[in-house]
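> Following is a predicted model, sequence given first.
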Amino acid sequence: MRISEDKEFLILQSQKGRPGSMAGADMVLYRRQNRADHRIEKEMSRKRKHQQMSEVNLELNELDDFGMDYEEDIGDSEPEVAETNVKKNTKHTASTCTNRGRKHFITPRLLSALDSAKVSDGKAMHILMATAEALGHCTSDLVVNRSTLHRLREEHRRKESQRIQESFIDKLSDTQAMVVHWDGKVLPDLIGKIKVERIAVLVSYNGESKFLGAPKLISATDRVEGMSFDTTSTNTGPINGACAQLQRMLGRNLLTLPCRHHILEIYLRSVFDLHFKVTQAPEVSIFERFAKAWPNIDTSSFKSGLDCGDIKSHISDGICNDIKQFCHSQLQKTFVRADHEEFLRLVLTFLGDNGGKFKTPGVTSHARWMSKGIYSLKIFLFRDQFHLSKAELKGLS
């Protein structure tokens, strides 16, 4: 053995107690100590910065107070008197007032802004204190604390809710008939992070609509003459359905207005299932394939439906013009759902008219019922760029 350090190590290993040993650094202990040192250094830096800012503010206050006193006392004041006034005003500004604040500055507009921004009481306190200090106010003179802010916000919400309800009732006439609409939604709870199911309720009357609440309905049941709802069993059940229970509660029959979207969904789904294999999967396989192939499709190269001889033979020129005229008239309106506008534009493109640019494919699940019409038209327009089996091409045409 030629290396002297190795020889010395082996000799120490053979002695009693084995004073010589080899071991790596304890990285866990090292990182723990490093984090602790970093926290201490960060806290010290914060304190130093706060002390520097306090000294700067104190110097600025001294200069301002000295300037004010000098302008008031110039010509007839002694230097000692001016110095005394500077020290007195500086002490009043820098020290904390022991008396309770009396000045109210939180307005209803400020409370509404905090609620609109969803700012909690604790965070609002930091914002208000920092804003008051930035504007040069003595925070000890202001009525600002968490409990007072919480109480003012609750009172403001109660008054606003009462004002909105009263203004809504005043607009209605005694003979005004309304239709109540409702739907179940899973929404975050007001307290905590859990989600709860609520029933969003609104009424429509004279071309206007008003949200009543979720889930509580205000006392306007005497004017309710109809119900608008989706066609699920929880609403249409003959015994325990929401419609049956509402009519029993009111003691009279109401006009039923099932949602037209969900009614048309049945027709569209039945036609689609007639030509394509019925599946229980949440996604439609052919639509999912088309969405993945969309980045490789040239949107400037497509063929309209009238280019297909079978389709052209079933659509006369008069029917084609009527459909185009209807689509153009509907596109002049404002759409709540973007799917309706996209479907009309695809119909125009399918009939050889200018329907505008193509949109990137979106959701392909069964829950988006308009996707069956949108995807079917879009796939047929790009049938030369997207691989289709004979059965799929026959089902689309």
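Sure thing, it's come through.
> Centre of the chain to the one helix or strand residue 243 maps to, how far?
Here residue 243 is covered by helix 242-250, with elements defined by DSSP states H and E. Centroid separation between helix 242-250 and its chain, computed with Cα atoms, centre = their mean, to the nearest Å, is 34 Å.
> mind saving the C-alpha coords of it as PDB?
Coordinates of each C-alpha in helix 242-250 appear next as PDB, following Å, rounded to 0.1, in the frame of the first residue of the first chain:
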ATOM      1  CA  ALA A 242     -90.600  18.900  -8.500                       C
ATOM      2  CA  CYS A 243     -93.500  20.000 -10.800                       C
ATOM      3  CA  ALA A 244     -96.000  17.800  -9.000                       C
ATOM      4  CA  GLN A 245     -94.900  19.000  -5.600                       C
ATOM      5  CA  LEU A 246     -95.000  22.600  -6.600                       C
ATOM      6  CA  GLN A 247     -98.500  22.300  -7.900                       C
ATOM      7  CA  ARG A 248     -99.600  20.500  -4.700                       C
ATOM      8  CA  MET A 249     -98.000  23.300  -2.600                       C
ATOM      9  CA  LEU A 250     -99.800  26.000  -4.500                       C
END
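> Show me which positions of that helix end up buried.
242-243, 246 (16 or more other Cβ atoms under 10 Å). Every residue, glycine included, has its C-beta placed from N, CA and C.
> Parallel or antiparallel, which strands does the helix or strand just after it pair with?
Past helix 242-250, further along toward the C-terminus, the next helix or strand under DSSP H and E is strand 255-258. Here strand 255-258 has these sheet partners by DSSP bridges: strand 224-229 (parallel).
> helix or strand right after the partner strand?
Defined by DSSP H and E, the subsequent element after strand 224-229 is helix 233-236.
> related to what we said a few turns ago, which other helices and strands does the helix holding residue 243 contact?
strand 224-229, helix 233-236 (3 or more Cβ pairs under 8 Å, 6 or more residues apart in numbering; DSSP states H and E).
> Pull the distance from the longest one to the chain's centre.
Per Cα atoms, centre = their mean, the displacement of strand 224-229 from the mean C-alpha position of its chain is 29 Å.
> What is the subsequent helix or strand relative to the lowest-mean-pLDDT helix or strand in the chain?
Lowest mean confidence among the helices and strands of the chain (mean pLDDT, DSSP states H and E): helix 79-94, at a mean of 42. Past helix 79-94, further along toward the C-terminus, the next helix or strand under DSSP H and E is helix 108-116.
> Could you tell me how far the one helix or strand residue 395 maps to lies from the centre of the chain?
Residue 395 is part of helix 390-396 when elements are defined by DSSP H and E. Its chain's C-alpha centre and that of helix 390-396 lie 41 Å apart, by Cα atoms, centre = their mean.
> What of stretch 356-376?
23 Å.
> Next: stretch 149-166.
Distance, centroid of stretch 149-166 to centroid of chain: 23 Å (Cα atoms, centre = their mean).
> So for it, what gets flagged as buried?
149, 152-153, 156, 165.
> just the strands in the protein please.
178-188, 195-205, 208-213, 224-229, 255-258 (DSSP state E).
> Can you lay out the ones you listed as CSV showing mean pLDDT and distance to residue 302?
Below are the strands of the chain laid out as CSV (pLDDT from 0 to 100; distance: least, Cβ to Cβ, whole Å):
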stretch, mean pLDDT, distance to residue 302
strand 178-188, 78, 38
strand 195-205, 80, 41
strand 208-213, 80, 40
strand 224-229, 85, 39
strand 255-258, 87, 37
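> Put together CSV for those strands, with distance to residue 390 on each row.
What follows is these, written out as CSV (distance: least, Cβ to Cβ, whole Å):
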stretch, distance to residue 390
strand 178-188, 42
strand 195-205, 46
strand 208-213, 49
strand 224-229, 42
strand 255-258, 39
